[in-house]
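Visitor: Everything below, folded, please.
(one chain, ligands or ions: 3)
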Amino acid sequence: MADFTPANWRHVDDYLATTLLDDDPAVTAARAASLAAGLPPIDVTPLTGKFLNLLVRMTRARRVLEVGTLGGHSTIWLARAIPRDGRVVTLELEQKHADVARANLERAGVSEQVEIVVGRAADTLPRIAARGDEPFDLVFIDADKQSGSVYLDWAIRIGHPGTVIVLDNVVRAGEVANPGSNDPMVIGTWRALEFLGSDPRVDATALQTVGSKGWDGMAIAVVVEN
Ligand code: SAH
Ligand code: DHB
Ligand code: MG
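Guide: Ligands and ions are numbered 1, 2, ... in the order given. All right, here's what the predicted structure looks like:
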């Protein structure tokens, strides 16, 4: 069991989830419905969903922005963590994904606190910024990896000092540290990480993860000024 193999990472994730997480019919049903509808199995794991849920609670975030809804699995965890008067706005390109997510959010009982905005996030983010609503307290960026730096810039602009930003999938099985990569997702990740490392409006770090989704990681940042 001491080998660093994907099967063992999965085994440990199963152990941790069994030990730490409650039975969760809404999450189980949402994941099953998303798979049945043909959505790709690239949603957060329940352990990572719970991590996002705890982060929202630890920061007492009330307004949460998500970029990349898919079937709404991560959205459920975010929405469960906000207070009654809170809101999750989640951005999704594909109408079909948004439809599956809407049904999953309804089944999970969080639908009233979640707004799904369909369209390219690069187009919908400026529209959301122009609404002039209260700033977002926490932003989870998990859409097309090519555009991470664009989404980070919007997250800063529609956040406030103290806003927490999480950027998913920044390690990509180690490819992020392969300077010869020409994968557009890796190149987009470099741009996003270089942005986080150099923009004075944010302070950031990144964590590598292994688990049932393999070897990946997330960057985490806080807005210091905007
Ligand atoms: N956060 C989800 C997983 C998101 S997968 C979860 O963990 O449960 C990435 C999603 O981003 C997909 O549904 C994809 O359709 C969407 N996406 C891709 N490009 C996008 C874009 N330009 N604007 C908005 N959403 C996009
Ligand atoms: C991919 C996207 C994700 O958001 C993720 O968590 C894992 C993989 C992908 O597009 O390959
Ligand atoms: Mg992801």
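
Visitor: use CA for all of it now, contacts and neighbours both
Guide: Will do.

Visitor: For A177, which residues are in contact?
Guide: Residues near A177 by Cα atoms under 8 Å, 6 or more residues apart in numbering: V171.

Visitor: Do a quick rundown of the strands in this protein.
Guide: 63-67, 87-92, 114-118, 138-141, 164-168, 202-211, 214-223 (DSSP state E).

Visitor: Buried deepest among the ones you listed, which one?
Guide: strand 138-141 (a mean of 27; mean count of other Cα atoms under 10 Å).

Visitor: check whether that strand contacts ligand 1.
Guide: No. Strand 138-141 does not reach ligand 1 (Cα under 6 Å from any ligand atom); its nearest approach is 7.6 Å.

Visitor: strands paired with that strand, and their directions?
Guide: strand 63-67 (parallel), strand 164-168 (parallel) (DSSP bridges).

Visitor: Just send those back as JSON lines, with distance to P25 and mean pLDDT too.
Guide: Listed next are these as JSON lines, based on distance: least, Cα to Cα, whole Å; pLDDT from 0 to 100:
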{"stretch": "strand 63-67", "distance to P25": "23", "mean pLDDT": "98"}
{"stretch": "strand 164-168", "distance to P25": "25", "mean pLDDT": "98"}
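
Visitor: Please identify which of the strands of the chain is closest to T19.
Guide: With Cα to Cα as the criterion, T19 lies closest to strand 202-211 of these, at 15.1 Å.

Visitor: Output the strands of the chain in a markdown table; the columns should cover distance to W190.
Guide: Formatted as a markdown table, the strands of the chain follow (distance: least, Cα to Cα, whole Å):
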| stretch | distance to W190 |
| --- | --- |
| strand 63-67 | 18 |
| strand 87-92 | 23 |
| strand 114-118 | 27 |
| strand 138-141 | 15 |
| strand 164-168 | 12 |
| strand 202-211 | 12 |
| strand 214-223 | 12 |
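
Visitor: Out of those strands, the one nearest D14 is which?
Guide: The nearest among the strands of the chain, by Cα to Cα, is strand 202-211 at 8.8 Å.

Visitor: So what angle separates the directions of the closest one and strand 164-168?
Guide: 40 degrees (axes from the mean of the first three to the mean of the last three Cα atoms, to 10 degrees).

Visitor: so what does strand 202-211 touch, helix or strand wise?
Guide: Contact partners of strand 202-211 among helices and strands, from 3 or more Cα pairs under 8 Å, 6 or more residues apart in numbering; DSSP states H and E: helix 6-20, helix 184-198, strand 214-223.

Visitor: State whether A37 and D99 are indeed in contact, as I suppose.
Guide: No. With contact defined as Cα atoms under 8 Å, A37 does not reach D99; the gap is 10.2 Å.

Visitor: residues from this structure in reach of ligand 3?
Guide: 142, 168 (Cα under 5 Å from the ion).
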